[in-house]
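# predicted model and sequence follow; I will ask about them next.
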Amino acid sequence: MHLRELELAEFRSFRTLSLPVEPAGFRAIGANASGKSTLLEAIAMLATTRSPRTSTEREIAHWQSGQDLAVPPYARIRGLFDRIDGTHAIEIGMSVDEGGQRPLRKQIRFDDRLVRAIDAVGQFKTVLFSPDDVDLISGAPASRRRYLDMAISQASRTYLRSLSRYGRVLEQRNSLLRTFLRERRSPASGRSSEELLFWDSELIVSAVEVIAERRGAIGVLAHGARLHYSRLTGDESLDLTYLPYRFLLPDAVDIPTDWQRPSQPLRQAISASLTAAIATWRAEELRRGVTAVGPHRDDFKVEARGVDIGRYGSRGQQRLAIIAIKLGELDLLLGSAGEPPVLLLDDVLSELDSAHRGAVVSMIASRHAQICVTATDENDLGSVELGHLPLLRTHLGTVQTLGAH
């Protein structure tokens with residue numbers, strides 16, 4: 001899988017851009033805020049339909065866009081890409097509402113047909129490393145859940161549908177719990193009890209699918225990350241562990257070889273554990289008016305030598321662990337698609353010593369994937385192993401091709 005052409009219109013600092021991309025990828029250099037990270041952000045959005053850099057996507061549209069036409073600010077991304085079954089195009093059009101208070105309104109086309117976001121995610125696949133990814137290890141659980149959801153959604157359409165369904169059920173159940181709290185209604189009454197039990201059942205059904213695929217994907221990520229971390233550091237102890245919130249997953253239940261098709265015993269074990277946990281935390285849910293148990297609260301941790309490196313690891317150790325996890329994600333997507341995703345590496349070598357820089361460069365250069373890598377200093381990307389990649393320079397929303405060596 002590789003990107004053939006990237007088109008941008010009014011996307012952050014890029015007023016207009018048409019960039020041919022070689023099958024090998026490119027190296028992009030430029031000062032901070034010159035637009036090199038924006039290129040990778042746009043490519044990543046083609047895969048997930050969401051920005052990896054911000055949750056406030058209104059800021060994506062160039063602030064002057066639409067002025068000449070007297071319309072609200074807007075932005076557009078279009079990518080032409082090759083994969084096993086041929087050449088395809090994906091396009092995301094975005095517009096800001098008049099008041100500027102709502103998220104961007106998006107219109108997505110795949111092969112020139114309007115599609116829903118849920119049907120566009122994963123058509124084109126990428127793995128992105130950015131400097132902010134260290135927060136995946138040391139930051140809040142929400143960032144790790146978001147990462148896991150985005151990675152698995154690219155690999156599994158079934159997971160994305162289950163996650164979407166779970167979100168809708170969770171919203172309905174929370175609304176009901178807030179009604180109980182506001183009206184001081186007793187859930188023990190006939191109609192109230194029936195309503196709550198119905199949404200309990202719906203929540204468990206969708207949660208089981210989400211948790212089962214997450215647990216399996218974590219196993220695949222952990223295996224790949226451990227291998228890559230060992231090659232980078234000589235330490236074979238890196239591990240990722242899924243952490244259910246307020247309920248237990250029996251260790252005795254095996255993860256199937258095909259993690260995208262969880263076994264029935266695993267589903268049953270998760271269902272039983274969730275059912276018991278909901279009953280245990282029922283009083284708190286009624287007191288607070290919010291669902292207290294489920295995958296929307298789950299987490300995972302990253303350990304080396306049995307130590308949580310999110311809490312106790314050095315910045316360099318955390319960065320190497322993230323690089324290893326991202327390469328494990330590449331393996332995950334390769335296994336699901338039968339071809340490698342596009343590897344996007346934003347300032348991947350900063351904060352690393354020379355020995356680890358060399359190891360990282362060797363590892364990424366050896367991958368049979370299109371590689372798009374950025375740095376502020378051309379010397380960082382000047383190794384022989386990356387010399388075949390065309391060199392681009394970004395400056396104030398423009399891209400200049402410098403060639404390769």
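Received, thanks. Residues are numbered from 1 along each chain as shown.
# packing partners for whichever helix or strand Arg215 is part of?
Element membership of Arg215, judged by DSSP states H and E, is helix 190-233. Counting contacts by 3 or more Cβ pairs under 8 Å, 6 or more residues apart in numbering; DSSP states H and E, helix 190-233 packs against helix 141-155, helix 157-183, strand 239-243, helix 264-280, helix 315-337, helix 354-365. C-beta: built from backbone N, CA, C; applies to glycine.
# please identify the most buried of those.
Of all those, helix 315-337 has the most neighbours on average by mean count of other Cβ atoms under 10 Å, namely a mean of 22.
# send me it as PDB with only the CA atoms.
Extracted in PDB, the C-alpha atoms of helix 315-337 (Å, rounded to 0.1, in the frame of the first residue of the first chain):
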ATOM      1  CA  ARG A 315      12.000  10.100  28.600                       C
ATOM      2  CA  GLY A 316      14.300   8.200  26.300                       C
ATOM      3  CA  GLN A 317      13.100   4.800  27.500                       C
ATOM      4  CA  GLN A 318       9.500   5.900  26.900                       C
ATOM      5  CA  ARG A 319      10.300   7.200  23.400                       C
ATOM      6  CA  LEU A 320      12.000   3.900  22.400                       C
ATOM      7  CA  ALA A 321       9.000   1.900  23.800                       C
ATOM      8  CA  ILE A 322       6.600   4.000  21.700                       C
ATOM      9  CA  ILE A 323       8.700   3.400  18.600                       C
ATOM     10  CA  ALA A 324       8.600  -0.300  19.300                       C
ATOM     11  CA  ILE A 325       4.800  -0.200  19.900                       C
ATOM     12  CA  LYS A 326       4.300   1.700  16.600                       C
ATOM     13  CA  LEU A 327       6.400  -0.900  14.700                       C
ATOM     14  CA  GLY A 328       4.200  -3.500  16.400                       C
ATOM     15  CA  GLU A 329       1.200  -1.600  15.200                       C
ATOM     16  CA  LEU A 330       2.600  -1.900  11.600                       C
ATOM     17  CA  ASP A 331       2.800  -5.600  12.100                       C
ATOM     18  CA  LEU A 332      -0.800  -5.700  13.300                       C
ATOM     19  CA  LEU A 333      -2.100  -3.800  10.200                       C
ATOM     20  CA  LEU A 334       0.200  -5.900   7.900                       C
ATOM     21  CA  GLY A 335      -1.400  -9.000   9.300                       C
ATOM     22  CA  SER A 336      -4.900  -7.800   8.800                       C
ATOM     23  CA  ALA A 337      -4.500  -6.300   5.300                       C
END
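# residues touching the residue nearest in space to the middle of the chain, list them.
For the chain, the residue nearest the mean C-alpha position is Met150 (3.1 Å; Cα atoms, centre = their mean). Residues near Met150 by Cβ atoms under 8 Å, 6 or more residues apart in numbering: Thr48, Arg50, Pro52.
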